[in-house]
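Trainee: Below is the sequence, then the predicted model.
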Amino acid sequence: MSKAPPCKCRRGRWRQGSRRAERLEASDSGRLQVRGGRLHRQSWRAQPIRIPATPTSLRSNMSIRGLALAFSLFAAACSAHAQSVPLVMETMGLKIGQTAAEVEQVVRALGYKQARATAYPAKFGLPQRMAEVTFERQRQELRSEDFIIVAYGAMTGKLTAISRSETYAEPLIVGEVVKALDQKYGPHNGRPGTGQFGWVDRAAGAQGSLPGYCHAMRGTVNYMAILDNATAAGCKRAIRVDMNTQSDNPNVPFKQILVSMVDFETMAAEGRQLGKLLAQEREAELNKQKQQPLPKL
């Protein structure tokens, strides 16, 4: 995966750690078989087994217990599959899928001001819409500068990626923050590096051999290099939290955090749609040029 460009706003303090890829696979059985008794429904064909010197009532109880256990395991598997992490794509009131106006309202309330921005031009019947915006907040009392960078979908103009930094007045404990994050996003399933935690949702069967496969990038919302070369194939959504510490001890304190999240699927899909429109425009322009009479040669 391409490394993120250098981060401004005291980003020099963040040290890239080692990354590792994790692969999640989920499977479930669409059919349950109960052995040891006969069920009332005719659609189930029980396969009775012989249990020497075992009363019928005991075999019946064993059958019921087995059925209950099987269904509980099946329900647990379905629940785990349905509740894939991250459970929510939100940080400090910013939610993936928000409009530019909604984002503006949230960051203003947090004390941030717009520093720079780029926009998609009005074209192909679409209005002008924001592409990437950076907000900054001066913290004179802490002698620091926090930032929020956001990216919007190429077609809908809705929020697809966030990366934000924050400095705390009082130190926090790594282990306690991780517990709170796990309650919010679900159990983390990635450790990109020291003091770094990831919540990654991949498509079933996605192959990831590159370090940090499907992890959100820190300090940037520019994923074009990844999406263009299919590095993110099979990636759905991801959240990454970096704590400014060089120790894996859960009891160490820290005062700076970097939170990044991205909706790979929406960003890639809308990028492909815009790419097709641009390709059609180039082809039309080329055909127009071919129709021009040649000068005398």
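Mentor: Perfect, thanks for sending it.

Trainee: Within the sheet, what are the partner strands of the longest strand seen in the chain, with directions?
Mentor: Counting residues, the longest strand found in the chain (DSSP state E) is strand 159-173. Sheet pairing of strand 159-173 (DSSP bridges) gives strand 144-152 (antiparallel), strand 253-263 (antiparallel).

Trainee: wait, which of these is closest to Leu87?
Mentor: Leu87 lies closest, by C-beta to C-beta, to one member of the strands paired with strand 159-173: strand 253-263, at 12.2 Å. C-betas here are computed from N, CA, C, even on glycine.

Trainee: Could you point out the helix or strand that follows the closest one?
Mentor: helix 264-290 (DSSP states H and E).

Trainee: What is the neighbour count of Leu227?
Mentor: Other residues within reach of Leu227, judged by other C-beta atoms under 10 Å, total 18.

Trainee: That one: what secondary structure?
Mentor: Recorded secondary structure, Leu227: helix (DSSP: H, G, I helix; E, B strand; the rest coil).

Trainee: Excluding covalently adjacent residues, which one is nearest to it?
Mentor: Spatial nearest neighbour of Leu227, excluding adjacent residues (C-beta to C-beta, 6 or more residues apart in numbering): Ala268 at 4.9 Å.

Trainee: from what I can see Gly271 touches Ala154, true?
Mentor: Yes. If you go by C-beta atoms under 8 Å, Gly271 and Ala154 touch, sitting 5.4 Å apart.

Trainee: Those two: which is more packed in?
Mentor: Set Gly271 next to Ala154 and count neighbours by other C-beta under 10 Å: Ala154 wins out with 23 against 18.

Trainee: That one contacts Glu270, correct?
Mentor: Yes. Ala154 lies in contact with Glu270 (C-beta under 8 Å); the separation is 4.4 Å.

Trainee: The stretch 101-250 of the chain: strands as residue ranges?
Mentor: Taking DSSP state E, counting those that start in this stretch, the strands of the stretch 101-250 of the chain run over residues 113-120, 129-139, 144-152, 159-173, 196-202, 235-243.

Trainee: related to what we said a few turns ago, who wins for proximity to Gln289 among the strands paired with strand 159-173?
Mentor: Counting by C-beta to C-beta, Gln289 lies closest to strand 144-152 out of the strands paired with strand 159-173; the figure is 32.9 Å.

Trainee: hey, what's Gln114 bridged with?
Mentor: Note on Gln114: beta-bridge partners by DSSP bridges are Phe135.

Trainee: Against Pro171, how distant is it?
Mentor: Distance check for Gln114 against Pro171: by C-beta to C-beta, to the nearest Å, it reads 30 Å.

Trainee: which of those two has more neighbours?
Mentor: The neighbour comparison of Gln114 against Pro171 (other C-beta under 10 Å) goes to Gln114, with 13 against 10.

Trainee: dump the residue contacts of the more buried one.
Mentor: By C-beta atoms under 8 Å, 6 or more residues apart in numbering, the residues touching Gln114 are 133-135.
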